[in-house]
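In: Just need the structure, nothing else, for what follows:
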Amino acid sequence: MIRWTRNLVRALACMLGVALLAACSSSLDGLPRMASADTAEYRMQPGDELLVTVQGVEQANPSYTIDSSGMISLPLLQEVEVAGLGMREIESRIAEGYRSRELLTNPIVSVQMGALRPFYVIGEVKSPGEITYRQGMTVLSAISAAGGYTYRAHEGEVEVVRNVDGREVRARASEDTPIMPGDRIRVYERWF
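Out: This next block holds a predicted model:
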């Protein structure tokens, strides 16, 4: 009776281990690879900071944070919608605003990135949480900023959740994949 019970317990533990292994591996296996086109040009989003200079317009502070509605408020021009645009598009939109209101005939506008939204690393890293974004970061540098992998981590591939055109996209990424502000990186646990 005791031998039969031990064998039953071993069989159940083995089946449970196989089910957990299948569940863990399917976490990444079902995800598409992160496309390189997703990282082509960063599009500004609410919470990002812009440094805007307009020649001929006096500004107390050239720093503007994009509000939750996707707007910044500029001197004389007031609100300009900039969320979802790249740097050159924002410069053109601001210049056109000054021209259309006949405030400046030939506005020269310079827009640069200020502080961008943080990204997040969760899962099997030593210090999960919010991390300040720096230009040119990859998954590996993000994991390094989070203290590196734990001994239980499934190394080499992670899940990245990114907002693309207003929708959330989940994809599998390798350590050399570039990340963007606002990304959520999840490092899974390995089961073997």
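
In: So which residues of the protein form strands?
Out: 49-54, 63-65, 71-74, 78-81, 109-113, 119-123, 129-131, 157-164, 167-174, 184-187 (DSSP state E).

In: Of these, which is nearest Arg43?
Out: strand 157-164 (8.9 Å; C-beta to C-beta). All C-beta spots, glycine's among them, are computed from the backbone N, C-alpha and C.

In: and the closest one, which strands flank it?
Out: strand 167-174 (antiparallel), strand 184-187 (antiparallel) (DSSP bridges).

In: I'd like these as a markdown table, with distance to Ala145, mean neighbour count and mean pLDDT appended.
Out: Shown next, in a markdown table, are these (distance: least, C-beta to C-beta, whole Å; neighbours: other C-beta atoms under 10 Å; pLDDT from 0 to 100):
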| stretch | distance to Ala145 | mean neighbour count | mean pLDDT |
| --- | --- | --- | --- |
| strand 167-174 | 16 | 14 | 90 |
| strand 184-187 | 10 | 20 | 95 |
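
In: will you turn those into a markdown table that also has distance to Ser100?
Out: Below are those laid out as a markdown table (distance: least, C-beta to C-beta, whole Å):
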| stretch | distance to Ser100 |
| --- | --- |
| strand 167-174 | 32 |
| strand 184-187 | 39 |
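
In: circling back: in CSV: the strands of the chain, plus distance to Leu103.
Out: Formatted as CSV, these follow (distance: least, C-beta to C-beta, whole Å):
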stretch, distance to Leu103
strand 49-54, 10
strand 63-65, 17
strand 71-74, 10
strand 78-81, 11
strand 109-113, 12
strand 119-123, 37
strand 129-131, 39
strand 157-164, 34
strand 167-174, 36
strand 184-187, 41
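
In: what distance separates stretch 43-51 from the centre of its chain?
Out: On the basis of C-alpha atoms, centre = their mean, to the nearest Å, stretch 43-51 is displaced by 13 Å from the centre of the chain it belongs to.

In: End to end on that stretch, go ahead and measure it.
Out: 15 Å (C-alpha to C-alpha, to the nearest Å).

In: isn't Val111 right up against Ile90?
Out: Yes. Contact criterion C-beta atoms under 8 Å: Val111 and Ile90 qualify, at 4.8 Å.

In: hmm, back to that, what's the closest of the strands paired with strand 157-164 to Thr150?
Out: It is, among the strands paired with strand 157-164 and with distance given as C-beta to C-beta, strand 184-187, at 8.1 Å.

In: out of the strands of the chain, nearest to Leu140?
Out: Closest among the strands of the chain, once you apply C-beta to C-beta, is strand 167-174, at 8.7 Å.

In: Next one: Ser73 from Pro107, what distance?
Out: Taking C-beta to C-beta, to the nearest Å as the measure, Ser73 falls 17 Å from Pro107.
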